[in-house]
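*Asks:* One predicted model, sequence on top.
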Number of protein chains: 2
Amino acid sequence: MDQQTAGIRPNMEAAQKKADILKALAHPVRIRVFESLADGEKTAGELVVITGEKEANTSRHLAVLRNAGIVATRKEGLNVYYSNRMPCLIPVLSCINQAVCTIADEHMKVACCLR
Amino acid sequence: MDQQTAGIRPNMEAAQKKADILKALAHPVRIRVFESLADGEKTAGELVVITGEKEANTSRHLAVLRNAGIVATRKEGLNVYYSNRMPCLIPVLSCINQAVCTIADEHMKVACCLR
DNA sequence: CCGATATATTACCAAATACTAAAATAGTAA
DNA sequence: TTACTATTTTAGTATTTGGTAATATATCGG
């Protein structure tokens, strides 16, 4: 059945997988986490500070990123270090930011992202 | 309060906006719609066929894309034509696809995206 | 006006997601 | 062992999202 469906709608399965990655990134806390990992691994505790969220909440968001395969973890002593396992997604967020700016510019007629 | 918060956590507002764009894309039906608009505008009816979903459901997904500012609409007679208003997001989906392939390769130890 | 067609919206329910407090796990060190 | 720290998990609830059927809106051709 899966193969037949795939024959009829070849992009369905792929679209689902892409959606899974996008969903994993589609939360402000997870975006902030992921962006902050661009310059190197950080412990869960450091990420709690960066997000400004409660430990449990940050931990759950980290689990989402980990389950999606976007970040890797490494345990050292008491600490768990998180790192970016999918560097190709960094430019994606820049593109998204461009889109945000395009929309903002159209809405407010002001240049919002000069840099 | 918003400005103070922005001072403390400068990326929060931006992260929220990026998340809004990502969320708008993070659904297989919407991904398929958006990808199919890469080669030109299509009517809502054509998109219903492409998605294989019920009209009402496709329409709701189209509304999500429209509200996010990702697609534009143009009415001509009875038809509503949808078009990509954010072409910069097309390469984003290629990058996402790369990520999907990376993860798939790691999981099954098979090259999945030779195309 | 009418009926037909294309699209959008509403109302409703089920399922998924987000946040919190509390408990559990795991490592370290005394 | 006990105590302490870092992190994760569980359980609870609240909010959001997704799908469907029914209804509504809009445009065209008589």
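*Replies:* Perfect, thanks for sending it.

*Asks:* Return the residues of chain A in contact with DNA strand D.
*Replies:* For chain A, the contact set with DNA strand D under C-beta under 7 Å from any atom of the strand comprises A:43-45, A:48, A:55-56, A:59-60, A:62-63, A:73, A:78-80. For the C-beta atoms, the positions are set from N, CA and C on the backbone; glycine is no exception.

*Asks:* which of those residues has the most neighbours?
*Replies:* For the residues of chain A next to DNA strand D, the largest number of neighbours (other C-beta atoms under 10 Å in any protein chain shown) sits with residue A:62, at 21 neighbours.

*Asks:* That residue is in contact with residue A:72, isn't it?
*Replies:* No - Residue A:62 is beyond contact range of residue A:72, at 11.2 Å (criterion: C-beta atoms under 8 Å).

*Asks:* anything in contact with each of those two?
*Replies:* residue A:82 (C-beta atoms under 8 Å, 6 or more residues apart in numbering or on different chains).

*Asks:* Name the nearest residue to the residue of chain A found nearest DNA strand D, sequence neighbours excluded.
*Replies:* Closest approach between chain A and DNA strand D, counting by C-beta to the nearest atom of the strand: residue A:45, at 2.4 Å. Excluding the flanking residues, the one nearest residue A:45 by C-beta to C-beta, 6 or more residues apart in numbering or on different chains is residue A:79, at 7.0 Å.

*Asks:* so who does the one you found touch?
*Replies:* So residue A:79 contacts A:43, A:44, A:45 (C-beta under 8 Å, 6+ apart).

*Asks:* the longest helix in chain A is where?
*Replies:* helix A:89-108 (DSSP state H).

*Asks:* Spell out which two among the residues of chain A next to DNA strand D are the most distant pair, please.
*Replies:* With C-beta to C-beta as the measure, no two of the residues of chain A next to DNA strand D lie farther apart than A:60 and A:78, at 19.5 Å.

*Asks:* tell me which element residue A:80 falls in.
*Replies:* strand A:79-84 (DSSP states H and E).

*Asks:* Alpha carbons of that strand, in PDB - could you do that?
*Replies:* Extracted in PDB, the C-alpha atoms of strand A:79-84 (Å, rounded to 0.1, in the frame of the first residue of the first chain):
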ATOM      1  CA  ASN A  79      26.800  17.800  31.700                       C
ATOM      2  CA  VAL A  80      25.200  17.000  28.400                       C
ATOM      3  CA  TYR A  81      26.600  18.900  25.500                       C
ATOM      4  CA  TYR A  82      24.400  19.700  22.500                       C
ATOM      5  CA  SER A  83      25.800  20.400  19.100                       C
ATOM      6  CA  ASN A  84      24.500  21.100  15.600                       C
END
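
*Asks:* can you state the direction angle for that strand and helix A:89-108?
*Replies:* 70 degrees (axes from the mean of the first three to the mean of the last three C-alpha atoms, to 10 degrees).

*Asks:* Strand A:79-84 pairs with which strands, parallel or anti?
*Replies:* Strand pairing for strand A:79-84, determined by DSSP bridges: strand A:42-43 (antiparallel), strand A:71-76 (antiparallel).
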